[in-house]
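next input, structure requested:
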Amino acid sequence: MPSLAPAAARPLPHVRSALRAALALVAPADCAGCGAPDIELCADCRRRLEPRPLVAALPDGTPLVSGLDYEGTARDVILAFKQSGRWRLAKPLGPALAAALRLAAAGSPVGAAAAEGPPVGAAAAAAEGEPADAAAVAVLAVPPSRAGRRRRGYDPVDLLVRAAGVRVSKPGFRILRSSAQQKSRGRAERLSGRLGSLGCSGRWAGARIVIVDDVSTTGATLQEAVRAARAAGTIVLGVCCLASTPLRSARL
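As a prediction, the model looks like this:
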């Protein structure tokens, strides 16, 4: 039944997010994976979040590395992290993204699980005037939608990258226009709908970069990020995400 409260009486999105965060401090949540009471994430569900790197390819052939399959426990935990204000879940999710970042920085060919890539994220230090390795790889994060940021009160990708022990390079991408609702669209429609929706800072022209997002289903958002980054003159080594649904993939 629709709420009868007038719109002015309802908490604003950022207020609701703050209330959820405050409630979490005094009322322990159930396990985000299995629902076990009074624990953020149980030991069994933590084990199910151990990195399982998967290499796929975007429509243009750019390597896409994900740390987890977007299904089962991983999907439940990620949804709780993104949709229910449970930002502390970034910490147990961080290792899976870290594994994907390392592979993407190494160029992420299939079978490169043991590859040693250049320092990931070190270029972000250079952006702030700190010394960085000349071979450093910059990490550019896909930005959240404006509505999503207002609703949550935090940027999920930024929290995940921090939990992975990496610093996001800024300025990075910017939203040029909002995309239409994508969930009901097929892959081809999503790709065309995203085209031209992102821009990338020219600061990274000539730099080697890895692009990161939280979840990839069709690859449309990451494909648009690759287009924008290349248009700005960057060298895209690969893209990565915390979790993905299967595209054209190979388990490492």
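
could you pull out the helices for the protein?
Across the chain, reading from the start of the chain, the helices by DSSP state H fall at 13-26, 43-47, 72-83, 90-105, 122-127, 146-152, 156-163, 187-194, 220-231.

what average pLDDT does the shortest one get?
Taken as a whole, helix 43-47 has a mean pLDDT of 98.

CA atoms only: put it into PDB for me.
Below are the C-alpha coordinates for helix 43-47, written out as PDB (Å, rounded to 0.1, in the frame of the first residue of the first chain):
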ATOM      1  CA  ALA A  43      32.700 -17.500   8.600                       C
ATOM      2  CA  ASP A  44      31.100 -19.800   6.000                       C
ATOM      3  CA  CYS A  45      30.000 -16.900   3.900                       C
ATOM      4  CA  ARG A  46      33.400 -15.200   4.200                       C
ATOM      5  CA  ARG A  47      35.000 -18.300   2.700                       C
END
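
thinking again about what came up before, which one of the helices of the chain has the poorest average confidence?
Summarising mean pLDDT across those, the least confident stretch is helix 122-127, with a mean of 47.

name the nearest residue to residue 164, sequence neighbours excluded.
The shortest distance from residue 164 to any residue other than its chain neighbours is 3.8 Å, reached at residue 98 (C-beta to C-beta, 6 or more residues apart in numbering). All C-beta atoms are positioned from the backbone trio N, CA, C, and that covers glycine.

for that neighbour, give me its contacts.
Under the criterion of C-beta atoms under 8 Å, 6 or more residues apart in numbering, the contact partners of residue 98 comprise 51, 67, 164-166.

now the buried members of these.
For those, burial is judged from neighbour counts taken by 16 or more other C-beta atoms under 10 Å, and it is met by 51, 67, 164, 166.

where does the first one land on pLDDT?
For residue 51, the model assigns a pLDDT of 96.

contacting residues for it?
Under the criterion of C-beta under 8 Å, 6+ apart, the contact partners of residue 51 comprise 67-68, 95-96, 98-100.

let's see that with 6 Å instead.
Residue 51 makes contact with 67, 95-96, 99 under the criterion C-beta atoms under 6 Å, 6 or more residues apart in numbering.

ok, for it, nearest residue in space, not its chain neighbours?
residue 99 is the one closest to residue 51 (C-beta to C-beta, 6+ apart), at 3.7 Å.

distance of the one you found from residue 138?
Distance from residue 99 to residue 138, counting by C-beta to C-beta, to the nearest Å: 19 Å.

the more surrounded of these two?
Neighbours around residue 99 and residue 138, counted as other C-beta atoms under 10 Å, are more numerous at residue 138. The numbers are 29 against 22.
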